[in-house]
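> My questions concern the predicted model and sequence given below.
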Amino acid sequence: MTTTETARPAWLDGVNPVTKLVLAVLLSVPLFASIDVTSALAAIALQLLCLPLTGLRLATVLRRLLPIAIFAPIAGVSMLLYAEPAGHIYWTFGFATISDDSITLAIAVSLRVIALGLPTILLFGGTDPTELADALAQVAKLPSRFVLGILAGTRMLGLFLDDWRTMSLARRARGVGDRGVLRRFFSMAFVLLVFAVRRGSKLALAMEARGFGSGIPRTWSRPSRLHPRDAVALFGGIAIMALALAAAVLVGTFRFVWS
């Protein structure tokens, strides 16, 4: 007799997707109150400590966070060059000035971009789009036509990626896939646009035929409800933000964004 091991569900899987949306707001909006390095680093560290609750591997999170980490310094360039100079001035050219204060602000803004993107990766990295649609329609009370349209569009993204990959392999098999990078990109993008229009028309017609455009209230095969775990998750998000901002106040680096 053989037994098969089943993957143990993560704690966050039992949290309603609408609660995850609210939690993402709680973990991001308070960070706009201050521009400092301490609160951003504290928020990132506390969020990473919650990684076991998400069921995601650290390597997966870091891989998904890599594009944000690469482009985060771009957000700090304006602070680096045009922030009000303070402390030692290292370089000046016209209106651009690099000083101790501008370097600190640039680092703080870059870290804040990462701190704002990390909750989305942790909260929705393992969320099923269908469960999210069920929650938006049943808990958030959004119009079913709007929710199901977004769900159908989300499901189509995977098909577009497959179409792009298939076209790339087909062009390479014909010997035309290794030259003219820009011309190949725009030609494939145009073909993909044609596919999207045709597929969207067929999808809209199919949805209308199944009564998605009627005003009759819809029923749902999978109910979506709130549970005590959702309150615990919200309390945890509030605690994370309170600790992050409190750390900045205790260290003395808290700085109102309008200051």
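Right, received. Where do you want to start?
> Which of the helices or strands spans Ile114?
Counting by DSSP states H and E, the element that carries Ile114 is helix 100-124.
> can you give me the mean pLDDT across that helix?
For helix 100-124, mean pLDDT is 85.
> by contact count, what packs against it?
helix 17-26, helix 37-49, helix 51-54, helix 58-82 (3 or more Cβ pairs under 8 Å, 6 or more residues apart in numbering; DSSP states H and E). All C-beta spots, glycine's among them, are computed from the backbone N, C-alpha and C.
> where does the protein have low pLDDT?
Within the chain, the stretches with pLDDT under 70 are 1-8, 81-88, 91, 94, 100, 176-180, 213-215, 257-259.
> neighbours around Ala196, how many?
The number of residues packed near Ala196 is 15, by other Cβ atoms under 10 Å.
> separation between it and Ala189?
When distance is defined by Cβ to Cβ, to the nearest Å, Ala196 is 10 Å away from Ala189.
> Next, the contact list for the residue most central in space within the chain, please.
With distances taken as Cα atoms, centre = their mean, Thr120 lies nearest the centre of the chain, 3.9 Å away. Contacts for Thr120 (Cβ atoms under 8 Å, 6 or more residues apart in numbering) come out as Ala24.
> related to what we said a few turns ago, would you mind telling me which of the helices and strands packed on helix 100-124 is nearest Ala173?
For Ala173, the closest of these is helix 58-82, at 29.7 Å, according to Cβ to Cβ.
> what sits against Trp11?
Trp11 is in contact with Pro52, Leu53, Gly55, Arg229, counting by Cβ under 8 Å, 6+ apart.
> Pull up the gap between it and Lys20, please.
12 Å.
> and Arg171, how many neighbours?
By other Cβ under 10 Å, the burial measure for Arg171, its neighbour count, is 15.
> And whichever strand or helix holds it, what does it pack against?
Following DSSP H and E, one finds Arg171 within helix 144-173. Judged by 3+ Cβ pairs under 8 Å, 6+ apart, helix 144-173 is in contact with helix 129-138, helix 181-209.
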